[in-house]
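>>> coordinates only, no sequence provided:
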């Protein structure tokens, strides 16, 4: 899968992160450390990524209490702020631009900054990272490992 030099580099980087001084990490923390190590060597800016597993519904390893689901608003009408939030969303930029080109419409591309919501913008992948060319092979091998463990 990986050339010998890259395998040794990945293993030594992971070993250094996993066996750092301090208490033994919890399984959830250990998985987070592994993801950050692997994605960092693949060129991702891991400090800008949200690697939380709460969105995947797996709360078995987290020690945080579950947050009750939000209730829907009782009013049927929205406000202009709701539309503005949709218009500056990443999904709208991606889908709206493609749809506008398909229909031959003008689609103003809003600025990269999303405003004061504190969202992370501008993350890039470093294509010169050591594991970048091997991302498809790494993901495929992780997928096969997952399928085998089911």
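Structure received. Note that this is a predicted model, so its numbers are computed, not measured.

>>> next secondary structure after the helix or strand of the chain with the lowest mean pLDDT?
One helix or strand of the chain scores below all others by mean pLDDT, DSSP states H and E: helix 80-87, with a mean of 72. Sequence order places helix 90-103 as the next helix or strand after helix 80-87, per DSSP states H and E.

>>> pretty sure residue 24 is in a helix, no?
No: secondary structure assignment (DSSP: H, G, I helix; E, B strand; the rest coil) places residue 24 in coil, not in a helix.

>>> returning to that earlier point: which positions within the least confident helix or strand of the chain qualify as buried?
Buried residues in helix 80-87, counting neighbours by 16 or more other Cβ atoms under 10 Å, are absent. Glycine gets a C-beta too; all of them are placed from N, C-alpha and C.

>>> which pLDDT value does the model give residue 140?
On the pLDDT scale, residue 140 is placed at 92.

>>> count the neighbours of it for me.
For residue 140, the neighbour count with other Cβ atoms under 10 Å is 12.

>>> which residues touch it?
By Cβ atoms under 8 Å, 6 or more residues apart in numbering, no residues touch residue 140.

>>> would you mind measuring from it to residue 9?
20 Å (Cβ to Cβ, to the nearest Å).

>>> same deal with residue 29?
Applying Cβ to Cβ, the value for residue 29 to residue 9 is 23 Å.

>>> cool, and residue 130?
6 Å.

>>> got it, and residue 28?
25 Å.

>>> repeat for residue 36
15 Å.

>>> for residue 148, same thing?
Taken as Cβ to Cβ, the span from residue 148 to residue 9 is 25 Å.

>>> more neighbours: those two, which one.
residue 9 (15 against 7).
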